[in-house]
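Engineer: Structural data only, the sequence is not supplied:
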């Protein structure tokens, strides 16, 4: 069983379209993340949810809207896609231990988004 | 924010060679992880190592938190070790991981 699974694996779409990426984890974790990896392989946090509550929201255009229906799922919806949104988007999850700082993050396989 | 620098940026190895990858960070951290991104793009956890030394097969890692660096050792490299190795740090529990720029490793047969 895949611990952190993302769908779809590949997404090719036209500029201006709206698309969603889904993520599910079966690790029983309470915290989930979205990261973006650009064409130079640089990885950067976008959002983080803890028990369905948004706790990290980096400087991301408001065309990106995350949603966490429950602590096992975190989806990413992108409106009005632009060429610069082309990247690989990774979902991750971890269990937050207050004060113990053992926040080991596990990553999904990534969604490669190509905007034409 | 915290800065994470990895060196070297690129590394070409002959199969069987040993190598050391370095990660320097600019502030104290609570969490440090090493990842391997394989040629298919998957990010694989190698080590959770905020301090001390750990070994897993041909790989080992050492973090000297007081001096703000971590080292990843690859011994007897194999072609399957090719890919990008990332160091990532976290400054406070429950916070984000900040990634270094990665070291691209190519192991030639």
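Structural biologist: All right, it came through fine. Computed from a prediction, not measured in an experiment: that's the story for all the values here.

Engineer: list the contacts for residue B:61?
Structural biologist: B:34, B:46-47, B:49, B:53-55, B:70-73 (Cβ atoms under 8 Å, 6 or more residues apart in numbering or on different chains). For the C-beta atoms, the positions are set from N, CA and C on the backbone; glycine is no exception.

Engineer: That one and residue B:17, how far apart?
Structural biologist: 18 Å (Cβ to Cβ, to the nearest Å).

Engineer: Return the helix or strand in chain A with minimum mean pLDDT.
Structural biologist: Across the helices and strands of chain A, mean confidence by mean pLDDT, DSSP states H and E is lowest for strand A:53-57: a mean of 86.

Engineer: Dump the contacts of residue B:61 into JSON lines; add pLDDT as well.
Structural biologist: Below are the contacts of residue B:61 laid out as JSON lines (pLDDT from 0 to 100):
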{"residue": "B:34", "pLDDT": "97"}
{"residue": "B:46", "pLDDT": "96"}
{"residue": "B:47", "pLDDT": "96"}
{"residue": "B:49", "pLDDT": "95"}
{"residue": "B:53", "pLDDT": "97"}
{"residue": "B:54", "pLDDT": "97"}
{"residue": "B:55", "pLDDT": "97"}
{"residue": "B:70", "pLDDT": "98"}
{"residue": "B:71", "pLDDT": "98"}
{"residue": "B:72", "pLDDT": "98"}
{"residue": "B:73", "pLDDT": "98"}
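
Engineer: who wins for most neighbours among the residues you listed?
Structural biologist: residue B:70 (28 neighbours; other Cβ atoms under 10 Å in any protein chain shown).

Engineer: What count of nearby residues applies to residue B:64?
Structural biologist: Around residue B:64 there are 12 residues (other Cβ under 10 Å).

Engineer: hang on, I meant residue A:46
Structural biologist: Neighbours of residue A:46 (other Cβ under 10 Å): 19.

Engineer: The residue nearest the centre of chain A and residue B:105, how far apart?
Structural biologist: Centroid-nearest residue in chain A: residue A:34, 2.6 Å away (criterion: Cα atoms, centre = their mean). Residue A:34 is 27 Å from residue B:105, where distance means Cβ to Cβ.

Engineer: and if you look at residue A:2?
Structural biologist: Distance, residue A:2 to residue B:105, by Cβ to Cβ: 26 Å.

Engineer: And residue A:80, by the same measure?
Structural biologist: 38 Å.

Engineer: One more: residue A:36?
Structural biologist: 23 Å.

Engineer: do residue B:54 as well
Structural biologist: In terms of Cβ to Cβ, residue B:54 sits 19 Å off from residue B:105.

Engineer: higher neighbour count, residue A:80 and residue B:105?
Structural biologist: Set side by side, residue A:80 and residue B:105 show more neighbours around residue B:105, with 20 against 11, by other Cβ under 10 Å.

Engineer: is that one in a bridge, and if so with what?
Structural biologist: Following DSSP bridges, residue B:105 is listed with bridge partners residue B:11, residue B:83.
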